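Asker: prediction below, plus the sequence it came from.
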Amino acid sequence: MKSKEALAKQCNYLFNEFLTNNKKYKTLAHFRRTPGGYLIMLKIFENYFNDKAIHVEELIRYVPISISSRLSLFSLIDIAVKENVLIKTGDTDDHRKKLVTPSEIFIKEFRDWLDDFGV
């Protein structure tokens, strides 16, 4: 079991990591503003690194309504598309569905953040 001092040190590290990296990585900061955004970011990259396409609706269903409303998540995604953080394209099989993928800068910043974070 970790000592209180070790736990306090970890809390301080996480606190400072959040503040420092939100300044350093602007694309990540967009998603790390809210718990729902953070979860969406992780699902986007889980699918990206597994070479799987993900639709906006599917992505939003991953986040429990108790964490974030559908409207908030749609808005977060739309803003990310407008800011060129995400790329939204039509599904070739079903044009009603929209696929989302991270932009090159978002991918780079995410990889750099993981390296900095030590994961």
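Answerer: That came through fine. Residues are numbered from 1 along each chain as shown.
Asker: what sits closest to the residue nearest the centre of the chain if chain neighbours are left out?
Answerer: Taking Cα atoms, centre = their mean, the centroid of the chain lies closest to M41, which sits 1.5 Å from it. Leaving aside its chain neighbours, M41 sits nearest to F31 (3.7 Å; criterion: Cβ to Cβ, 6 or more residues apart in numbering). Heads up, the C-betas are built off the backbone N, CA and C, glycines and all.
Asker: would you mind identifying the next helix or strand past the host helix or strand of the one you found?
Answerer: F31 is located in helix 26-32, with elements delineated by DSSP states H and E. Downstream of helix 26-32, the first helix or strand assigned by DSSP H and E is helix 35-49.
Asker: next, the buried residues of the lengthiest helix in the chain.
Answerer: In the chain, taking DSSP state H as the definition, the longest helix is helix 4-24. Across helix 4-24, burial judged by 16 or more other Cβ atoms under 10 Å covers N21.
Asker: what sits up against that helix?
Answerer: Helix 4-24 has contacts (Cβ atoms under 8 Å, 6 or more residues apart in numbering) with K2, L28, A29, R32, W113, D116, F117.
Asker: rewinding a little: how near is the residue nearest to M41 to I79?
Answerer: Counting by Cβ to Cβ, to the nearest Å, the gap between F31 and I79 amounts to 10 Å.
Asker: of those two, give the one with the bigger neighbour count.
Answerer: F31 (23 against 12; other Cβ atoms under 10 Å).
Asker: show me what contacts that one?
Answerer: With Cβ under 8 Å, 6+ apart, F31 has these contacts: G37, Y38, I40, M41, L76, A80.
Asker: which pair in those residues spans the largest distance?
Answerer: Y38 and A80 (13.0 Å; Cβ to Cβ).
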